[in-house]
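S.K.: when you get a sec, could you give me coordinates for this:
(one chain, ligands or ions: 1)
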Amino acid sequence: MQTAYYIILGFAGLCLGSFFNVLIWRIPRGESTIWPASHCTNCGNKVKPYDNIPVLSYLILGGKCRRCKTQISVVYPLVEILTAAALVAIWELLYIVPLQQPWHQNVVPLLQAVSIMLLIPISVIDIRHYIIPDRFTLPFLAIALAVSFIPGGLPPVQSLLGALAGGGSLFLMGVIGTFVLKKGDAMGMGDVKLMAWLGALWGYKAALIGIAFGALFGSIAGGVMILTRKLNDDHRIPFGPFLGVGTVAAIFAGEPLLAWYLGLFGG
Ligand SMILES: [Zn+2]
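M.R.: Coordinates of the predicted model:
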């Protein structure tokens, strides 16, 4: 029984990842996310349902469009696999029990699960385009603040405090960064709105620790990129993926990681 449960959950995750691939391509281009159906971005060939099976179709077609044989990015199946793995893990970590009574106890965990899952398309979009679209951040910030009035999550004051701490601290870092580096956009407003959303959902502690972890992971990645000369000309590093990973780390392993993090400075 348990195995069947995970297989269904995993397959749902692959399909969700397939939908994320649509979002990743279309949202930065301002295209509709539901119409038209999936098509090859090179020749416009409509993808037949039997060629649209997550991961499997990619393997069968050898990563090429059936009609024009254009190479399809390996990021597509990777997003699907990552989404499936994340869905199974999060389902366990957030203790989501379908149809659990009373109903409102499911609202906050479900919103948290959706928010964590959305970090996947947000990260890929940020890596490719250096933006975090408002179409993700603003509605979910509003929803996160609204559900604080439903029992089971953070109280409204804590939720608001979390949004202010998450968004505000990044905004301040951006202002200071602009002043010190004399660069126009040291911190993207997309990052600010992302952390306001996550802060509203998990509170100020998770947001602040998440930003600290994100900055650490980002610095490590930046250092590696400088050493391997992989950094692009304008030295930009998308911060969104690091903020996402940092906040997820803060949520699920905050205390042991924080002890280790502080140990880096204090010894
Ligand atoms: Zn094609």
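S.K.: what does the stretch 151-267 of the chain have sitting close to the ion?
M.R.: By Cβ under 5 Å from the ion, no part of the stretch 151-267 of the chain sits against the ion. Bear in mind the C-beta positions are built from the backbone N, C-alpha and C, glycine included.
S.K.: all helices for the stretch 151-267 of the chain, in order.
M.R.: Applying DSSP state H, counting those that start in this stretch to the stretch 151-267 of the chain gives helices spanning 156-181, 189-227, 240-266.
S.K.: quick check: which of those is buried the most?
M.R.: Mean neighbours per residue, mean count of other Cβ atoms under 10 Å, is largest over the helices of the stretch 151-267 of the chain for helix 189-227, with a mean of 21.
S.K.: show me what it is packed against.
M.R.: Helices and strands touching helix 189-227, by 3 or more Cβ pairs under 8 Å, 6 or more residues apart in numbering; DSSP states H and E, are helix 107-129, helix 134-147, helix 156-181, helix 240-266.
S.K.: let's have the ones you listed in a markdown table, adding mean pLDDT.
M.R.: As requested, the helices and strands packed on helix 189-227 are exported to a markdown table (pLDDT from 0 to 100):
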| stretch | mean pLDDT |
| --- | --- |
| helix 107-129 | 93 |
| helix 134-147 | 96 |
| helix 156-181 | 91 |
| helix 240-266 | 86 |
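S.K.: distance to I53 added to the ones you listed, as a markdown table?
M.R.: Below are the helices and strands packed on helix 189-227 laid out as a markdown table (distance: least, Cβ to Cβ, whole Å):
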| stretch | distance to I53 |
| --- | --- |
| helix 107-129 | 19 |
| helix 134-147 | 27 |
| helix 156-181 | 38 |
| helix 240-266 | 27 |
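S.K.: middle-most residue in this protein, spatially?
M.R.: The residue lying closest to the centre of the chain (Cα atoms, centre = their mean) is L119, at 0.7 Å.
S.K.: for the residue nearest to L198 when sequence neighbours are not counted, what are its contacts?
M.R.: Of all residues not flanking L198 in the chain, T247 sits nearest, at 5.0 Å (Cβ to Cβ, 6 or more residues apart in numbering). Going by Cβ atoms under 8 Å, 6 or more residues apart in numbering, T247 touches 195, 198, 202, 206-207, 210-211, 213-214.
S.K.: again, but for S18
M.R.: With contacts defined as Cβ under 8 Å, 6+ apart, S18 is in contact with 52, 54, 80.
S.K.: which residue sits closest to A165, ignoring its sequence neighbours?
M.R.: That would be Y204: by Cβ to Cβ, 6+ apart, it lies 3.6 Å from A165.
S.K.: is it true that that neighbour touches S159?
M.R.: No - look at Y204 against S159 with Cβ atoms under 8 Å: they stay out of range, at 9.7 Å.
S.K.: domains in this structure, by residue range?
M.R.: The record's domain parsing of the chain by automatic domain parsing lists 1-93, 101-267.
S.K.: the last one: how far from the chain's middle?
M.R.: Distance of domain 101-267 from the chain centroid (Cα atoms, centre = their mean, to the nearest Å) equals 9 Å.
S.K.: contacting residues around the closest residue in space to S148 that isn't next to it in sequence?
M.R.: Spatial nearest neighbour of S148, chain neighbours left out: S159 (3.6 Å); criterion: Cβ to Cβ, 6+ apart. Shown in contact with S159 (Cβ under 8 Å, 6+ apart): 144-145, 148, 153, 200-201, 203.
S.K.: try it again with 7 Å
M.R.: Going by Cβ atoms under 7 Å, 6 or more residues apart in numbering, S159 touches 144-145, 148, 200.
S.K.: again, but for K64
M.R.: By Cβ under 7 Å, 6+ apart, the contact list for K64 reads 70-72.
S.K.: against the ion, how distant is it?
M.R.: For K64, the distance to the ion equals 8 Å [Cβ to the ion, to the nearest Å].
S.K.: specify the beta-bridge partners of that residue.
M.R.: Counting by DSSP bridges, K64 forms beta bridges with Q71.
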